[in-house]
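Chemist: Have a look at this fold, sequence not included:
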């Protein structure tokens, strides 16, 4: 739903609505209990078109599949690569093609490709990465590094039709959903408490890194389903193409009904400005909030999370080295 009134349009994404928010920029799908039926189409991408993907992956692609997810008038295209890693294990990763006429898609493509190069440049071969499952798949494909998880948990998708397609897109659901639940819980709890738990539960004999992406906010529905909590994040889109001209409006919106404004802003080419805000003091202290570039987090970096790489486009991707003590950096 496009906003034509000049006022920001608020929304909280469920799983498919979050994906529409992520991919299409200008489209906003508002969820309610009468949401239309979900469907999808699947098509093999001919090998002649593979070069246009400009994947830059650490492993050769063996197949490309294009999915088109539909709900009501909204549709989302996904390009999924199949490949085999250095151990000859099969994997999948959702990638962003460098498609002409899609500036936001191009930004995502270039940002992730640069992040993959940064992972190779700044981390050892034995590094272990924590990230949400779709980010983790791209880390493994683009950077060739191990990830703590790289398949979603079925319980993250309460809608049966969506659950079926995400199982196909991801290459199956994880057989050990506890890792996904644990990560969702860590992201949704107090940052210091979460890092203390992570130190106790993650391997002590290899460097551990964490990658977060602004698009992770479009996965809030999954995190909430797995963690069993509701995260106090809201989003709004502000029409117009000048991010700096929209800052005053964003700040006014971010201050509504809260004790302290906490927000982040991202310019979407051709679709105005997207902003996120946190609506409770407890929400500002969550690990997810502290790792993302919210205004209240920028001035309070976490001592145990050292930034080793940050992309442009509003700090779209950030990689942290988790400092758990000797041997962890």
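Modeler: Here it is on my side, so go on. The structure presented is a predicted model; accordingly, all values stated were derived computationally and were not measured.

Chemist: Read off the pLDDT value for the residue nearest in space to the middle of the chain.
Modeler: Of all residues in the chain, the one closest to the mean position by Cα atoms, centre = their mean is residue 216, 2.6 Å from it. Note for residue 216: predicted pLDDT of 95.

Chemist: Pull the contacting residues for it.
Modeler: 132, 135, 288, 292 (Cβ atoms under 8 Å, 6 or more residues apart in numbering). Every C-beta, even on glycine, is put in place using the N, C-alpha and C of the backbone.

Chemist: for these, which one is nearest residue 95?
Modeler: Lowest distance from residue 95 to the contacts of residue 216 (Cβ to Cβ) belongs to residue 135, with 12.0 Å.

Chemist: Would you mark the buried spots in the helix or strand in which that closest one is found?
Modeler: Assigned by DSSP states H and E, residue 135 falls within helix 133-143. Residues of helix 133-143 classed as buried: 133-143 (neighbour count, 16 or more other Cβ atoms under 10 Å).

Chemist: Now render those as TSV, adding pLDDT and distance to residue 127.
Modeler: Shown next, in TSV, are the buried residues of helix 133-143 (pLDDT from 0 to 100; distance: Cβ to Cβ, whole Å):
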residue	pLDDT	distance to residue 127
133	98	18
134	97	19
135	98	15
136	98	13
137	98	16
138	98	15
139	98	10
140	98	11
141	97	15
142	97	13
143	97	9
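
Chemist: of all the residues you listed, which comes closest to residue 265?
Modeler: Once Cβ to Cβ is applied, the member of the buried residues of helix 133-143 that ends up nearest residue 265 is residue 135, at 21.0 Å.

Chemist: Against which helices or strands is the helix holding residue 135 packed?
Modeler: Under the contact criterion of 3 or more Cβ pairs under 8 Å, 6 or more residues apart in numbering; DSSP states H and E, helix 133-143 touches strand 90-95, helix 103-122, strand 128-130, strand 146-147, helix 160-170, strand 208-213.

Chemist: looking at the ones you listed, which has the lowest confidence?
Modeler: Among those, helix 160-170 has the lowest mean pLDDT, at a mean of 91.

Chemist: Can you name the residues in contact with it?
Modeler: 15-16, 37-40, 42, 67, 69, 78, 80, 92, 94, 133-134, 137, 151-152, 154, 156-157, 173.

Chemist: hang on, the earlier thing: if we take the buried residues of helix 133-143, which one ends up nearest to residue 123?
Modeler: Each of the buried residues of helix 133-143 was checked against residue 123 using Cβ to Cβ; the closest is residue 143, at 7.5 Å.

Chemist: Am I right that the residue nearest to the centre of the chain is in a helix?
Modeler: Yes: per DSSP: H, G, I helix; E, B strand; the rest coil, residue 216 lies within a helix segment.

Chemist: ok, residue 128 - how many residues close by?
Modeler: Counted by other Cβ atoms under 10 Å, the residues lying close to residue 128 total 19.

Chemist: can you check the one 4 residues further on too?
Modeler: For residue 132, the count of nearby residues is 24 (other Cβ under 10 Å).

Chemist: these two touch, right, it and residue 186?
Modeler: No: in this structure residue 132 lies outside contact range of residue 186 using Cβ atoms under 8 Å: 11.4 Å.

Chemist: any idea where the strands of the stretch 151-300 of the chain begin and end?
Modeler: Using DSSP state E, counting those that start in this stretch, the strands assigned to the stretch 151-300 of the chain run over residues 208-213, 233-238, 263-267, 273-278.

Chemist: Which among those strands is found nearest to residue 224?
Modeler: Between those, strand 233-238 lies closest to residue 224; by Cβ to Cβ that is 9.9 Å.

Chemist: shaky segments in the stretch 1-150 of the chain?
Modeler: 1-36 (pLDDT under 70).

Chemist: So which of the buried residues of helix 133-143 is the closest to residue 298?
Modeler: Looking across these and measuring by Cβ to Cβ, the closest to residue 298 is residue 135, at 21.1 Å.

Chemist: ok, now how distant is the closest one from residue 119?
Modeler: 11 Å (Cβ to Cβ, to the nearest Å).

Chemist: And the pLDDT at residue 237?
Modeler: 87.

Chemist: what bridges to it?
Modeler: residue 9, residue 274 (DSSP bridges).
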